[in-house]
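*Asks:* Predicted model follows, preceded by the sequence.
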Amino acid sequence: MNRLKEYHIQFVGLEPGNHPFEFEVNDSFFEHFEFSQIQHGNVHVTVDLEKMERMMIFDIHLEGKVLVTCDRCTNEFNFLLSDSQKLIVKLGAEYEEESEDVVVIPETEYQFDLSSYIYEFIHLALPVRLLHPDDENGKSTCDPEMLRLLETMTPTESVDPRWEALRKLNTDQ
């Protein structure tokens, strides 16, 4: 049994126009994706499907929190996310990804699985560098012991002599 079946939208039989859908993404959702950066979270997903005769436009809005690991201190924290994405699905001869937000599916399909797109959009809503948020005074909320340890490990300002030789070559021109 496909446990992600609740994220399938059966579009055959829907009248042209707008159709709202809502989903709750939680820990059991992330369990289905091996090697996921996120293992725990609660995200409310609202989808507005605009159905046309040979195309569908999915406006997907994500709102919630996910447990992530801080890139600085390696402690976990809840990251609040809010994002919107658009996905265009066209009917055609066979499956094809035209671009990152345009997909062609066979005309014989009667439903569309949004689970992998929801998963991808949640990850795209994360910043490149995940850091604990600062407190109201602008101070980091990272683990203070780890911050002290990192401070002792900062590299010295010595410059590799090879770089100096390369800089000199560049200025001689």
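*Replies:* Yes, it's here. Numbers count the residues shown, from 1 in each chain.

*Asks:* buried sites along the strand or helix carrying F112?
*Replies:* Following DSSP states H and E, one finds F112 within strand 111-113. Counting neighbours by 16 or more other Cβ atoms under 10 Å, one finds that the buried residues in strand 111-113 are F112. The C-beta positions use only the backbone N, C-alpha and C, and glycine is treated the same way.

*Asks:* now it, how far from the centre of its chain.
*Replies:* Here the centre of strand 111-113 is set off from its chain's centre by 20 Å, with Cα atoms, centre = their mean, to the nearest Å.

*Asks:* Against which helices or strands is it packed?
*Replies:* Taking 3 or more Cβ pairs under 8 Å, 6 or more residues apart in numbering; DSSP states H and E as contact, the helices and strands that strand 111-113 lies on are strand 8-10.

*Asks:* Partner strands of the helix or strand following the strand it packs on, with direction?
*Replies:* The element immediately downstream of strand 8-10 (helix or strand, assigned by DSSP H and E) is strand 17-25. Strand 17-25 pairs in its sheet with strand 40-51 (antiparallel), by DSSP bridges.

*Asks:* List the contacts of the partner strand.
*Replies:* The contact list for strand 40-51, computed with Cβ atoms under 8 Å, 6 or more residues apart in numbering, reads 9, 11, 14-27, 30, 56-67, 81, 114, 118, 122.

*Asks:* For E120, see how far away E22 is.
*Replies:* For E22, the distance to E120 equals 19 Å [Cβ to Cβ, to the nearest Å].

*Asks:* Look at those two and report which has more neighbours.
*Replies:* Neighbours were tallied for E22 and for E120 using other Cβ atoms under 10 Å; the higher tally belongs to E120 (14 against 9).
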